[in-house]
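Visitor: need coordinates for the below:
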Amino acid sequence: MTSSLTPAGLPPEEFVARRDRVYDAIGPEAVALIQGAGPTRGFELFRQTNEFLYLSGLAAPQAYLLLDGRSRRTALYLPHRSPHAGSEGESLGAEDVAPIQALTGVEAVYGLEALAEHLAGVRHLYTPHSPAEGRQGCRDELLRAAKAIAADPWDAAPSREERFIGLLCERVPNLEIHDLSPLLDAMRLIKSPREVAIMRRAGELTARAVVEAMRSTRPGVMEYELGAVADYVFRVNGARMEGYRAIIAGGKNIWYAHYYRNDCPLLDGDLALMDYAPDVCNYTSDIGRMWPVNGVYSPVQRELYGFIVQYHKVVLGRIRPGVLPEQILAEAAEEMRPIVEGTAFSKPIYQEAARRTLDWRGHLSHPVGMAVHDVGSYFDRPLEPGLVISIDPSLWVPEERLYIRVEDTVAVTEEGVEVLTALAPLDLDDVEAVMREDGLLQQFPPVAHPKPHPPPHHGPSGPASPS
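Guide: Numbers count the residues shown, from 1 in each chain. The predicted structure follows:
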């Protein structure tokens with residue numbers, strides 16, 4: 001089979017161990033059933049849902065995964081291979097029992113028609129209630145979209161998960177449905193060494209893309225051109241997709257935390273911000289770097305971005321297993337407070353912004369994994385090895401609509417912390433040194449856009465008469 005059909009960079013024993021944990025959690029009287037992603041609706045790459053990938057690694061549409069706690073055996077249910085599917089290359093169907101078992105470690109493979117029979121007599125069934133994460137999908141964004149759809153009187157409809165649960169209740173008498181999402185969320189929060197290895201590669205490509213974007217930045221370059229540079233780095237290094245929608249902002253666009261249009265020119269004197277990462281074997285990363293469009297930080301840019309970089313390093317130095325996130329932030333604030341009070345900021349509002357930064361508790365941000373805003377919560381528990389999170393110190397100056405941030409993806413280790421995106425420079429002098437090098441856009445400049453013809457002049461009484 002081709003590489004696109006193999007599991008998510010992981011051996012089958014990884015999925016077997018995860019399924020064993022599910023058996024232990026649901027008990028010997030229940031089953032768990034996960035519905036995979038449906039077929040694509042256009043000429044796009046298929047991306048399996050994270051929940052399905054996490055327990056099987058199988059990238060095939062319209063598949064179902066049944067974990068039977070009574071026998072501790074797992075079965076996959078797939079459509080039969082279509083005779084018309086060959087035009088798109090190799091695919092997997094219910095007939096491919098041996099290769100599917102080799103990829104996933106499941107005990108059995110059936111056609112979809114067998115699922116109803118195998119569910120007969122089940123009384124306790126676990127299935128995810130939360131929206132399934134697919135391509136560039138995050139739980140928080142999916143829930144936000146579901147809320148908007150539910151509020152639309154012309155579009156309100158049950159979610160795919162709700163429809164699936166409804167069908168199960170109709171077709172399996174006396175069935176009691178339980179939510180599998182909390183269990184999977186807790187499992188996904190702590191990454192295995194193999195998962196961290198994949199995320200290390202994702203972090204490396206993320207950082208390399210940012211460095212190449214720094215090299216390519218000049219006044220007049222379009223925001224989307226830096227996105228094209230990053231895409232090149234991702235693709236030539238084996239990433240097939242983006243982990244999330246690119247944030248590439250210059251100047252005033254930086255104020256919008258999740259700006260995505262990326263269609264403005266970068267202007268001399270402004271800062272540029274990039275926050276963009278690839279999907280590597282169904283795992284991603286997260287990053288944030290800001291650099292001067294003209295290659296040299298102005299005094300104010302050095303003052304504010306330099307402060308955030310300094311604070312960022314202090315937070316990184318405090319991360320270690322066995323302590324609560326709140327303790328790390330309190331220690332970092334204690335170390336930074338004399339620096340803030342002893343710094344002669346160029347404006348009082350900048351010093352006030354720095355003080356607010358030390359009081360904010362969002363700098364240890366979200367988990368990162370199969371989704372950029374990954375599932376699970378770690379704020380109320382001591383950090384432990386295998387936790388991968390975003391460190392994202394930020395500073396706001398609302399009076400001037402200034403937003404300053406620097407972000408890395410880090411993995412908690414037995415000894416402390418590993419910065420997975422460390423290849424992207426933090427120190428301002430190092431950034432300026434990188435920017436003195438030519439990047440892809442200088443070596444291979446975009447084709448110049450032809451100037452459009454000016455529209456014909458229409459006077460107050462209609463089109464101008466031909467001369």
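Visitor: from Y232, how far off is F52?
Guide: 30 Å (C-beta to C-beta, to the nearest Å). Backbone N, C-alpha and C define where each C-beta goes, glycine included.
Visitor: how close does the residue most central in space within the chain get to V210?
Guide: In the chain, the C-alpha nearest the mean C-alpha coordinate belongs to V372, at 2.2 Å (C-alpha atoms, centre = their mean). Remark: distance between V372 and V210 (C-beta to C-beta) = 15 Å.
Visitor: if we can go back for a sec, neighbour count for F52 and Y232, which is higher?
Guide: F52 (24 against 14; other C-beta atoms under 10 Å).
Visitor: assumed the more buried one was part of a strand.
Guide: No: when DSSP: H, G, I helix; E, B strand; the rest coil is applied, F52 is found to be helix, with no strand at that position.
Visitor: how about the contacts made by it?
Guide: F52 is in contact with 34-37, 58, 63, 65, 132, counting by C-beta atoms under 8 Å, 6 or more residues apart in numbering.
Visitor: compare those and tell me which has the most neighbours.
Guide: Among those, the one with the most neighbours (other C-beta under 10 Å) is A63, at 26 neighbours.
Visitor: now for the residue nearest to it when sequence neighbours are not counted: which residues touch it?
Guide: Distance criterion C-beta to C-beta, 6 or more residues apart in numbering; nearest residue to A63, sequence neighbours excluded, is G36 at 4.1 Å. By C-beta under 8 Å, 6+ apart, the contact list for G36 reads 48-49, 52, 58, 60-65.
Visitor: mind running it again at 7 Å?
Guide: Contact partners of G36, counting by C-beta atoms under 7 Å, 6 or more residues apart in numbering, are 48-49, 52, 61-64.
Visitor: do L115 as well
Guide: 64, 77.
Visitor: same thing with I319?
Guide: Taking C-beta under 7 Å, 6+ apart, we find I319 in contact with 328, 383, 410, 412, 416-417.
Visitor: just the buried ones from these?
Guide: Among these, the ones that count as buried by 16 or more other C-beta atoms under 10 Å are 328, 383, 410, 412, 417.
Visitor: can you tell me the element the first one falls in?
Guide: Using DSSP states H and E, I328 falls within helix 325-342.
Visitor: equivalent analysis for the third one, please.
Guide: Per DSSP H and E: V410 is located in strand 408-412.
Visitor: partner strands of that strand, with direction?
Guide: Applying DSSP bridges to the sheet, strand 408-412 is found paired with strand 388-391 (antiparallel), strand 417-419 (antiparallel).
Visitor: could I get the average pLDDT for it?
Guide: When pLDDT is averaged over strand 408-412, the result is 98.
Visitor: can you tell me the closest non-neighbouring residue to C281?
Guide: The shortest distance from C281 to any non-neighbouring residue, by C-beta to C-beta, 6+ apart, is to G9 (3.3 Å).
Visitor: ok, now which ones touch S216?
Guide: Contacts of S216 (C-beta under 7 Å, 6+ apart): 226, 229, 439-442.
Visitor: helix or strand with the lowest mean pLDDT in this structure?
Guide: Across the helices and strands of the chain, mean pLDDT, DSSP states H and E gives its lowest value to strand 462-463, namely a mean of 38.
Visitor: tell me which helix or strand comes right after the strand or helix carrying V431.
Guide: Applying DSSP H and E as the criterion places V431 in helix 428-435. Counting by DSSP H and E, the next helix or strand C-terminal to helix 428-435 is helix 440-443.
Visitor: the chain - how does it break down into domains?
Guide: 3-189, 193-443 (automatic domain parsing).
Visitor: now find how far off-centre the first one is within its chain.
Guide: The one in question is domain 3-189. The chain centre lies 20 Å from the centre of domain 3-189; the measure is C-alpha atoms, centre = their mean, to the nearest Å.
Visitor: same check on the longest one?
Guide: Averaged C-alpha coordinates place domain 193-443 at 14 Å from its chain's average position (C-alpha atoms, centre = their mean).
Visitor: how about I165: what's its closest non-neighbour residue?
Guide: Closest to I165 by C-beta to C-beta, 6+ apart is I177, at 5.7 Å.
Visitor: neighbouring strands - and their directions - for the strand or helix carrying that neighbour?
Guide: Assigned by DSSP H and E, I177 belongs to strand 176-179. With DSSP bridges as the test, strand 176-179 is paired with strand 124-127 (parallel).
Visitor: buried residues in the next helix or strand after the partner strand, which are they?
Guide: Using DSSP H and E, the helix or strand that follows strand 124-127 in sequence is helix 139-150. Across helix 139-150, burial judged by 16+ other C-beta under 10 Å covers 139, 141-142, 146.
Visitor: quick one: average confidence on stretch 71-82?
Guide: For stretch 71-82, the mean pLDDT works out to 94.
Visitor: measure that stretch end to end?
Guide: One end of stretch 71-82 to the other measures 32 Å (C-alpha to C-alpha, to the nearest Å).
Visitor: what comes into contact with that stretch?
Guide: Stretch 71-82 has contacts (C-beta under 7 Å, 6+ apart) with 19, 23, 56, 58, 60, 62-67, 91-95, 100, 104, 106-112, 114-115, 118.
Visitor: can I get the buried part of those as one PyMOL selection?
Guide: Buried subset of the contacts of stretch 71-82, written as a PyMOL selection, criterion 16+ other C-beta under 10 Å:
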select buried, resi 19+23+56+58+60+63+64+65+66+67+91+92+93+94+100+104+106+108+109+110+114+118
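Visitor: how much space between L420 and S192?
Guide: 15 Å.
Visitor: more crowded one of the two?
Guide: Set L420 next to S192 and count neighbours by other C-beta under 10 Å: L420 wins out with 24 against 13.
Visitor: what sits against the more buried one?
Guide: Applying C-beta under 7 Å, 6+ apart, the residues near L420 are 199-200, 203, 285, 409-411.
Visitor: per-residue confidence for the residue nearest to I165?
Guide: Per-residue pLDDT puts I177 at 98.
Visitor: how about the helices in this protein?
Guide: Using DSSP state H, the helices assigned to the chain run over residues 12-26, 50-56, 97-104, 115-119, 139-150, 160-171, 181-189, 193-216, 223-236, 299-318, 325-342, 348-359, 428-435, 440-443.
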